[in-house]
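S.K.: When you get a sec, could you give me coordinates for this:
(4 chains)
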Protein chains: 2
Amino acid sequence: MKQIAQETGVSVSTVSLVLNGRDEGRVKPGIASQVRDTARKLGYTPNPLARSLRTSKTKILGFLSEEIATTPFAGRIILGAHDAASALGYMMLTVNTDRESDESEEISALKRYGVDGFLYAKMFNRVITVPKSFGGYPVVLVDATDSKGAVPGITPDEFRIGYDAARHLIDAGCSQIAYVGSDSPIVAQEGRRKGYRKALADAGIPYNPGLDIGVGNNRPALDAVSSLFDRAHPDGFFCFNDARAWYVYECAARRGLAVGRDISVVGVDNHRVFAETFAPDLTTIELPHYEMGYWAAYKLISLIEGRDPEPDLPETTAGIPSLDSPLPVRIHCMLIEKNSVA
Amino acid sequence: MKQIAQETGVSVSTVSLVLNGRDEGRVKPGIASQVRDTARKLGYTPNPLARSLRTSKTKILGFLSEEIATTPFAGRIILGAHDAASALGYMMLTVNTDRESDESEEISALKRYGVDGFLYAKMFNRVITVPKSFGGYPVVLVDATDSKGAVPGITPDEFRIGYDAARHLIDAGCSQIAYVGSDSPIVAQEGRRKGYRKALADAGIPYNPGLDIGVGNNRPALDAVSSLFDRAHPDGFFCFNDARAWYVYECAARRGLAVGRDISVVGVDNHRVFAETFAPDLTTIELPHYEMGYWAAYKLISLIEGRDPEPDLPETTAGIPSLDSPLPVRIHCMLIEKNSVA
DNA sequence: ATGAAAGCGCTAACAA
DNA sequence: TTGTTAGCGCTTTCAT
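M.R.: Presented below is the predicted three-dimensional model:
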């Protein structure tokens, strides 16, 4: 900057003004463009560190998540958040809080590095109490809801996932529609079940508890699904996730039933590759992790800057609500059509 | 710091010296501990920004990877790198270079933010030319090898993966051992095949080209594996990855063959959950992404600091070679025993 | 409309 | 052994 000032024959303050776009009635347009020119000529790039030291704003977001390594979600959330951040001139300092690592430790480390705010991501939708270590910093939750309702966050619309899935099966002509859910009463499980039941009700299909099962994993789950097949002969399945869908897929195969012909299956796909590689005949719903990450970073930045920045949202986020939405926000999941359903 | 200085009745330079552990024969021990005390009392935390401005060292690593969202590997690499960085007092600025995003653009952004060096991760093992945009910064590659041999990097020991897998099947008593490989001639594919062939040779088992197939994905792959079953009746399978393993699994199931009883299967597991959920009877080899990330960050920091820092490596990295290894480094994959093999 | 100058919190010569 | 001082590169009053 000093060099630019000299070269142009003005003072550093003028340069600063111009380069920050705060000329406009304060610096003569001629001078301004002259400054901009020499800046370009000299290949000037601002030093964010120095700027931060002065302004105590770093344009760095702290991203705090658990189990970044053990779930395939983290990457998509991070990517979305990163894209939004990047579009608004921010960077992300990513930290994970697996195992014993002390969360508040990590938080204060991020604070020391001067992050302007925090993204706090959980790896499955649940209600949490936001760590007090965040102090007064802006925080936005991802895939989590603040139990106190004070911190903004974004979660998938679990109800609508269930509703749309069941609706999809109904539209495909299924009449015996099973829900192969989880045996944990987590938010996603309960929300999706409610949606499933509502869709049935709206279609005038009586709810049959025998078709609504919650299963765990591995052998027991496979056994439970097996018995569901033999007991109730469902012609449509809504599966909590891809693992559950796989049990259905496997049981069907063993009975010579073809997905898409004899039975219809809609499942939530946790692993992306799943539907493509392991069960290509399934209709899958993808959780909007990218979109949640995007929205959250976007929201966080608007909080930080005390105003709504207005860059374009990428195509994929068409369903994302405005930043003014009440908290927490839910976003809808898109149905991805894989193959025709029976 | 100023406050500490006043409180203790010394100058800021003394405080700086003490707080950076550079007293020792330069500051009277009494004063030193006094300074430390008041620092603690005042709850002092250093401002890395200010320090960086002065030293032009940020203790921030730039992590550059592709497809962070589309592969399950990225998370594990990032986690490993983050753990190492964290253990050495570093943070990581993560950036992904998917799609159109201009790599050199991202690199210079990271430079502006003052990163001390770069981790450059690829999502599958290959030979690359390192972007010149890195300039003179320290760079360490992950899952990639510099074609010029100038930049250090770490990759899985593909040969040994193949060798150990085949060896495992041999030890289990298999005699007709197939390799269900990839149809792309990527590093992993060729390395693993070589290892497979060497293990056979070492065991005096003649190589049968009919048992060594490269397949793509989906239906064609399934068909190819089917024909392998019917043509050669292998009793052991080494699979390039979990997708390939799944084709074997599926074909076996359709023929009433049980994995672990009628045939033995060893596969490289790309997705972690795969072996547990979709094919729980498989023996899997896990790629050491965590370890690669860890090693790479560790190495990068040693490069940055011009010396070998010496914290403890975590348990899981027992197999990681010393930092003095020639470049590029390869690391071995652990065999994870899942179930007994036929 | 522009410039001078102070200072963000810290480090590192150099003096004392 | 300790203190003084000069910045690192930038922003921001406050004069002019």
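
S.K.: Number of residues surrounding the closest residue to chain B within the stretch 101-250 of chain A?
M.R.: The stretch 101-250 of chain A approaches chain B most closely through residue A:243 (4.6 Å), counting by Cβ to the nearest Cβ. Using the backbone N, CA and C atoms, a C-beta is placed for each residue, glycine as well. Burial of residue A:243 is recorded as 24 neighbouring residues (other Cβ atoms under 10 Å in any protein chain shown).

S.K.: Please apply the same query to residue A:127.
M.R.: 16.

S.K.: isn't it right next to residue A:145, touching?
M.R.: Yes. With contact defined as Cβ atoms under 8 Å, residue A:127 reaches residue A:145; the gap is 4.9 Å.

S.K.: Three-state assignment for the nearest residue to the residue of the stretch 101-250 of chain A closest to chain B once chain neighbours are set aside, please.
M.R.: Spatial nearest neighbour of residue A:243, excluding adjacent residues (Cβ to Cβ, 6 or more residues apart in numbering or on different chains): residue B:277 at 4.6 Å. Classification of residue B:277 by DSSP: H, G, I helix; E, B strand; the rest coil places it in helix.

S.K.: circling back: so who does the residue of the stretch 101-250 of chain A closest to chain B touch?
M.R.: For residue A:243, the contact set (Cβ atoms under 8 Å, 6 or more residues apart in numbering or on different chains) comprises A:217, A:221, A:270, B:273, B:277, B:278.

S.K.: Tell me if it really is in a strand.
M.R.: No. Counting by three-state DSSP, residue A:243 is located in no strand; its state is helix.

S.K.: ok, now how distant is it from residue B:2?
M.R.: Distance, residue A:243 to residue B:2, using Cβ to Cβ, to the nearest Å: 58 Å.

S.K.: Strands of chain A, residue ranges please.
M.R.: A:60-65, A:91-96, A:117-128, A:139-146, A:153-156, A:177-182, A:212-215, A:236-239, A:264-269, A:283-286, A:329-331, A:335-336 (DSSP state E).

S.K.: Let me have those in JSON lines, extended by mean pLDDT.
M.R.: Output for the strands of chain A, formatted as JSON lines (pLDDT from 0 to 100):
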{"stretch": "strand A:60-65", "mean pLDDT": "94"}
{"stretch": "strand A:91-96", "mean pLDDT": "90"}
{"stretch": "strand A:117-128", "mean pLDDT": "92"}
{"stretch": "strand A:139-146", "mean pLDDT": "92"}
{"stretch": "strand A:153-156", "mean pLDDT": "89"}
{"stretch": "strand A:177-182", "mean pLDDT": "97"}
{"stretch": "strand A:212-215", "mean pLDDT": "98"}
{"stretch": "strand A:236-239", "mean pLDDT": "94"}
{"stretch": "strand A:264-269", "mean pLDDT": "89"}
{"stretch": "strand A:283-286", "mean pLDDT": "84"}
{"stretch": "strand A:329-331", "mean pLDDT": "59"}
{"stretch": "strand A:335-336", "mean pLDDT": "49"}
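
S.K.: sorry, back to before: can you list residues touching both of residue A:127 and residue A:145?
M.R.: By the contact definition Cβ under 8 Å, 6+ apart, residue A:127 and residue A:145 are jointly contacted by residue A:187.

S.K.: residue ranges with poor pLDDT in the stretch 1-150 of chain A?
M.R.: Along the stretch 1-150 of chain A, the parts satisfying pLDDT under 70 run over A:68-70, A:99-100.

S.K.: and it, which residues reach DNA strand C?
M.R.: Counting by Cβ under 7 Å from any atom of the strand, the residues of the stretch 1-150 of chain A close to DNA strand C are A:9-14, A:17, A:25-28, A:31-32, A:50, A:53-54.

S.K.: These: which two are farthest apart?
M.R.: Greatest spacing in these, by Cβ to Cβ: A:28 and A:53 (29.6 Å).

S.K.: Specify which residue of the two has the higher count of neighbours.
M.R.: It is residue A:53, of residue A:28 and residue A:53, that has more neighbours when counted by other Cβ under 10 Å, with 18 against 12.

S.K.: wait, the more buried one sits on residue B:53?
M.R.: Yes. With contacts counted by Cβ under 8 Å, residue A:53 reaches residue B:53, the gap being 5.4 Å.

S.K.: is stretch A:84-96 anywhere near chain B?
M.R.: Yes. Residues of stretch A:84-96 are located near chain B by Cβ under 8 Å from any Cβ of the partner chain, namely A:86, A:91, A:92, A:93, A:94, A:95, A:96.

S.K.: and the third one, what are its bridge partners?
M.R.: Yep, that's residue A:92 we're talking about. Under the criterion DSSP bridges, residue A:92 forms beta bridges with residue A:61.

S.K.: And for it, the neighbour number?
M.R.: 23.

S.K.: Could you do the one 5 residues further on as well?
M.R.: Residue A:97 sits with 19 neighbouring residues when counted by other Cβ under 10 Å.

S.K.: ok, for it, nearest residue in space, not its chain neighbours?
M.R.: Nearest non-adjacent residue to residue A:97, counting by Cβ to Cβ, 6+ apart: residue A:103, 4.8 Å away.

S.K.: which bits of the stretch 1-150 of chain A sit near chain B?
M.R.: Applying Cβ under 8 Å from any Cβ, one finds that the stretch 1-150 of chain A approaches chain B through A:45-50, A:52-53, A:58, A:60, A:68-72, A:74-76, A:78-79, A:82, A:86, A:91-96, A:98, A:101, A:108-110, A:112-114.

S.K.: mind redoing it with 6 Å?
M.R.: Within the stretch 1-150 of chain A, the positions near chain B by Cβ under 6 Å from any Cβ of the partner chain are A:45, A:48-50, A:52-53, A:68-69, A:72, A:74-76, A:79, A:91, A:93-94, A:112-114.

S.K.: Okay, helices next: where are they in the stretch 1-150 of chain A?
M.R.: Using DSSP state H, counting those that start in this stretch, the helices of the stretch 1-150 of chain A run over A:2-8, A:12-19, A:29-41, A:48-55, A:73-87, A:103-112.

S.K.: Mind putting those into JSON lines with distance to residue B:285?
M.R.: Below are those laid out as JSON lines (distance: least, Cβ to Cβ, whole Å):
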{"stretch": "helix A:2-8", "distance to residue B:285": "56"}
{"stretch": "helix A:12-19", "distance to residue B:285": "54"}
{"stretch": "helix A:29-41", "distance to residue B:285": "53"}
{"stretch": "helix A:48-55", "distance to residue B:285": "43"}
{"stretch": "helix A:73-87", "distance to residue B:285": "22"}
{"stretch": "helix A:103-112", "distance to residue B:285": "32"}
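
S.K.: ranking these by burial, who's on top?
M.R.: Of all the helices of the stretch 1-150 of chain A, helix A:73-87 has the most neighbours on average by mean count of other Cβ atoms under 10 Å in any protein chain shown, namely a mean of 26.

S.K.: Please name the nearest non-neighbouring residue to residue A:155.
M.R.: Nearest one to residue A:155, counting by Cβ to Cβ, 6+ apart, is residue A:125 at 5.0 Å.

S.K.: can I assume that neighbour is in contact with residue A:186?
M.R.: No. Judged on Cβ atoms under 6 Å, residue A:125 makes no contact with residue A:186 at a distance of 7.1 Å.

S.K.: Give me the more crowded residue out of those two.
M.R.: The residue with more neighbours, out of residue A:125 and residue A:186, is residue A:125; 22 against 16, by other Cβ under 10 Å.

S.K.: Would you map out the domains in chain A?
M.R.: Domain assignment for chain A, taken from the TED database, gives A:1-46, A:60-155+A:289-330, A:158-286.

S.K.: out of those domains, which comes closest to residue B:205?
M.R.: With respect to residue B:205, and counting by Cβ to Cβ, the nearest of these is domain A:158-286 at 30.5 Å.

S.K.: what about that closest one, start to end distance?
M.R.: Separation of the first and last residues of domain A:158-286 by Cα to Cα, to the nearest Å is 12 Å.

S.K.: starting at the chain centroid, how far to it?
M.R.: Chain-centre distance of domain A:158-286: 23 Å, with Cα atoms, centre = their mean, to the nearest Å.
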